[in-house]
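> everything below, folded, please.
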Amino acid sequence: RSRLLPDATLAGAMTESTSLPRSYRWLVLAFVSLAMFGNYYSFDALNPVGPLLESQLGFTQAQIGLLDSSYNIAALLVLLAGGVFIDRFGAKRAIVLFGAISVVGSAVIAGVPSHRTMAAGRFIMGIGAEPLIVAATAILGRWFKGKELGFAMGVNLMIARFGSVAADNSASVAPGLFYSWQPPLVVAAIVSCTCVIGGVLYAMVERRAEHARPLDTSVTTDKLVLADVVRFNRAYWYVVGLCVTFYAAVFPFRRFANIIFMDAHGASPEQAAFLNGVIPLTAMFATPLFGLLVDKIGRRALLLMAGSCLLFPAFLLMMSPRVPLGFSVALLGIAFSLVPAILWPAVTYLVDEARLGSAYALMTFCQQIGWGAMAWAVGRSNDVFDASAANPGGYVPGLWMFAALGFLGLTCAFLLWRSEQGPAAHGLDTIRA
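So this is what the prediction gives:
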């Protein structure tokens with residue numbers, strides 16, 4: 001998932017890690033990635049549990065959507081805090097602290113069969129998980145540089161997304177746990193402990209490195225400077241529009257996908273979990289490849305438009321039970337691989353370096369608002385239209401909402417592409433690595 005982009009907070013974070021042995025850097029990468037695996041797993045563990053929350057606890061789909069909205073509210077508060085937590089505690093302490101907060105949130109979610117309690121747990125998780133991502137970014141930015149930095153970020157994101165894939169497919173790996181809503185969430189709470197384990201192991205490596213040679217442990221995180229908002233150009237706002245519409249479609253859809261696949265298409269719980277997991281699984285491997293592609297050929301605005309084209313038909317085709325679900329899921333997987341590979345790095349071409357932190361913070365702020373609002377809205381739509389296995393047509397309005405966001409995202413991508421064809425172009429389609 002791309003809540004705070006793992007390579008979005010590098011400005012000022014890269015401080016040369018001195019001439020320590022290379023093994024230190026790879027140990028840092030391994031332990032930070034372990035923490036991110038647990039972070040992503042615990043976040044996405046609700047996906048296969050969603051149908052059980054409906055059938056066993058009587059949750060409405062609006063309530064399931066609000067579990068994500070609670071997380072988004074916490075993320076917004078953390079973002080508005082402007083990285084104060086990490087600036088105050090330092091990355092070494094912050095990754096352990098926020099990992100522990102994430103574990104507490106996961107435990108609260110698994111502990112009590114109450115919507116309010118689960119929403120509180122998701123809120124706590126958001127307070128921990130979002131700055132954990134920022135801390136991991138700053139750590140890798142300080143320990144890696146040049147080409148190694150890009151590779152390290154790619155490996156970190158791949159392992160993190162493997163956490164999402166593992167959570168999505170947990171029903172297939174351990175079907176015996178899914179007799180009730182609670183055991184899978186207890187497992188998620190246990191897996192989330194890797195957030196703390198990875199953080200502690202990283203802190204041990206850094207402490208040993210500090211004894212060997214002093215390191216600069218300061219970090220810089222993205223902060224939202226309101227005065228910068230009026231200074232951003234039109235192309236930047238097109239990118240923000242695409243970001244909001246794209247993630248407001250993909251992330252809420254993944255939260256409801258298992259329910260939709262089972263009720264509207266007759267998939268088994270294992271099949272639904274596998275199909276939902278194909279989306280991050282595709283992105284695990286394809287996103288770095290698409291990143292290499294655009295570095296070689298340019299054409300970023302054009303490829304953003306191509307990726308945006310896939311969302312609209314994917315959701316439309318999903319409305320028909322005659323079209324294999326695998327086809328729609330494949331389109332979503334390609335889109336989820338291609339668009340993020342270009343979207344976030346594109347900001348560096350459109351915004352002055354001095355305002356890059358504000359640009360990313362504002363973009364993420366808007367993303368969280370769209371994601372949280374859409375998660376509730378689609379769940380509410382499913383409830384209003386009485387969507388269920390007995391009435392699969394009730395899911396169609398929600399799918400139309402996703403498709404509409406896909407069309408709006410395509411419009412933003414087209415406007416961006418058109419703006420890059422004139423004399424005021426920023427080089428999105430021409431600059432090559």
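
> work out for me the element Tyr236 sits within.
With secondary structure defined by DSSP states H and E, Tyr236 is part of helix 234-265.

> in that helix, what's buried?
Neighbour counts using 16 or more other CB atoms under 10 Å place 235-265 of helix 234-265 among the buried residues. Any C-beta I mention is one placed from the backbone N, CA and C, and that applies to glycine too.

> measure how far it is from the centre of its chain, please.
The chain centre lies 11 Å from the centre of helix 234-265; the measure is CA atoms, centre = their mean, to the nearest Å.

> where does pLDDT dip in this structure?
Within the chain, the stretches with pLDDT under 70 are 1-21, 80-89, 145-150, 213-230, 353-354, 356-357, 433.

> who touches His115 in this structure?
The neighbourhood of His115, defined by CB atoms under 8 Å, 6 or more residues apart in numbering, consists of 57, 59, 63, 66-67.

> repeat that for Ile297.
For Ile297, the contact set (CB under 8 Å, 6+ apart) comprises Arg432.

> any idea how far it is from Leu350?
Taken as CB to CB, to the nearest Å, the spacing of Ile297 relative to Leu350 amounts to 19 Å.

> got it, and Ala359?
When CB to CB is the yardstick, Ala359 and Leu350 sit 8 Å from each other.

> with Ser381 instead?
Relative to Leu350, Ser381 is positioned 34 Å away (criterion: CB to CB).

> just the buried ones from the contacts of His115?
With neighbours counted by 16+ other CB under 10 Å, the contacts of His115 contain buried members at 57, 59, 63, 66-67.

> can you pull out the helices in the stretch 301-433 of the chain?
With DSSP state H, counting those that start in this stretch applied, the stretch 301-433 of the chain shows helices at 311-318, 325-350, 356-384, 396-419, listed in chain order.

> likewise the stretch 101-250 of the chain?
Secondary structure of the stretch 101-250 of the chain, counting by DSSP H, counting those that start in this stretch: helices at 115-143, 146-168, 170-173, 182-212, 234-265.

> closest to Gly409 out of the ones you listed?
When the helices of the stretch 101-250 of the chain are compared for distance to Gly409 using CB to CB, the nearest one is helix 234-265, at 3.7 Å.

> show me what the closest one is packed against.
Helices and strands touching helix 234-265, as assessed by 3 or more CB pairs under 8 Å, 6 or more residues apart in numbering; DSSP states H and E, comprise helix 46-57, helix 61-80, helix 269-297, helix 300-308, helix 311-318, helix 325-350, helix 356-384, helix 396-419.

> the first one: which residues count as buried?
Going by neighbour count (16+ other CB under 10 Å), the buried part of helix 46-57 is 46-54, 57.

> what's the answer for the second one, then?
Using 16+ other CB under 10 Å as the burial criterion, the residues of helix 61-80 that qualify are 61-76, 78-79.

> rewinding a little: in CSV, list the helices of the stretch 301-433 of the chain along with mean neighbour count and distance to Gly111.
What follows is the helices of the stretch 301-433 of the chain, written out as CSV (neighbours: other CB atoms under 10 Å; distance: least, CB to CB, whole Å):
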stretch, mean neighbour count, distance to Gly111
helix 311-318, 21, 35
helix 325-350, 21, 32
helix 356-384, 22, 22
helix 396-419, 20, 30
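
> including distance to Ala136, could those go into JSON lines?
Below are those laid out as JSON lines (distance: least, CB to CB, whole Å):
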{"stretch": "helix 311-318", "distance to Ala136": "28"}
{"stretch": "helix 325-350", "distance to Ala136": "16"}
{"stretch": "helix 356-384", "distance to Ala136": "15"}
{"stretch": "helix 396-419", "distance to Ala136": "28"}
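
> between Ala359 and Leu350, which contacts overlap?
Counting by CB under 8 Å, 6+ apart, the residues touching both Ala359 and Leu350 are 232, 236.

> touching, His265 and Leu325? I think so.
Yes. Judged on CB atoms under 8 Å, His265 makes contact with Leu325 at a distance of 5.5 Å.

> CA atoms of stretch 417-433 as CSV?
Taking only C-alpha atoms (Å, rounded to 0.1, in the frame of the first residue of the first chain), the coordinates of stretch 417-433 have been written out as CSV:
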residue,chain,number,x,y,z
TRP,A,417,-0.3,14.8,-20.5
ARG,A,418,-1.7,17.7,-22.4
SER,A,419,0.1,20.2,-20.2
GLU,A,420,3.4,18.4,-20.9
GLN,A,421,3.1,18.8,-24.6
GLY,A,422,3.5,22.6,-24.6
PRO,A,423,6.3,25.0,-24.0
ALA,A,424,5.7,24.9,-20.2
ALA,A,425,6.4,21.2,-20.0
HIS,A,426,8.4,19.9,-17.1
GLY,A,427,10.1,17.0,-18.9
LEU,A,428,7.9,14.2,-17.7
ASP,A,429,7.8,12.7,-21.2
THR,A,430,11.3,13.6,-22.3
ILE,A,431,13.7,13.2,-19.4
ARG,A,432,15.4,9.8,-19.3
ALA,A,433,17.8,8.3,-16.8
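
> show me which positions of that stretch end up buried.
Under the neighbour-count criterion of 16+ other CB under 10 Å, stretch 417-433 has 417, 419-420, 426, 428-429 buried.

> farthest pair in these?
In those, two members sit farther apart than any others by CB to CB. They are Trp417 and His426, at 11.9 Å.

> please report the distance of Ile369 from Trp376.
Here the distance between Ile369 and Trp376 works out to 12 Å (CB to CB).

> so Leu408 touches Cys243, yeah?
No. If you go by CB under 8 Å, Leu408 and Cys243 don't touch, sitting 11.6 Å apart.

> which ones are touching the closest residue in space to Ala377 that isn't next to it in sequence?
Of all residues not flanking Ala377 in the chain, Met401 sits nearest, at 6.8 Å (CB to CB, 6 or more residues apart in numbering). By CB under 8 Å, 6+ apart, the contact list for Met401 reads 374, 377-378, 381.

> now with 10 Å?
If a contact means CB atoms under 10 Å, 6 or more residues apart in numbering, then Met401 has 248-249, 252-253, 315, 374, 377-378, 381 as its contacts.

> out of the residues you listed, who's nearest Pro321?
Nearest to Pro321 out of the contacts of Met401 is Phe315 (CB to CB; 14.3 Å).

> that older thread, can you pull the residues that touch both of Trp417 and His426?
With CB under 10 Å, 6+ apart applied, the overlap between the contact sets of Trp417 and His426 consists of 235, 300-301.

> pretty sure Leu242 is touching Gly307, no?
Yes. If you go by CB atoms under 10 Å, Leu242 and Gly307 touch, sitting 9.4 Å apart.
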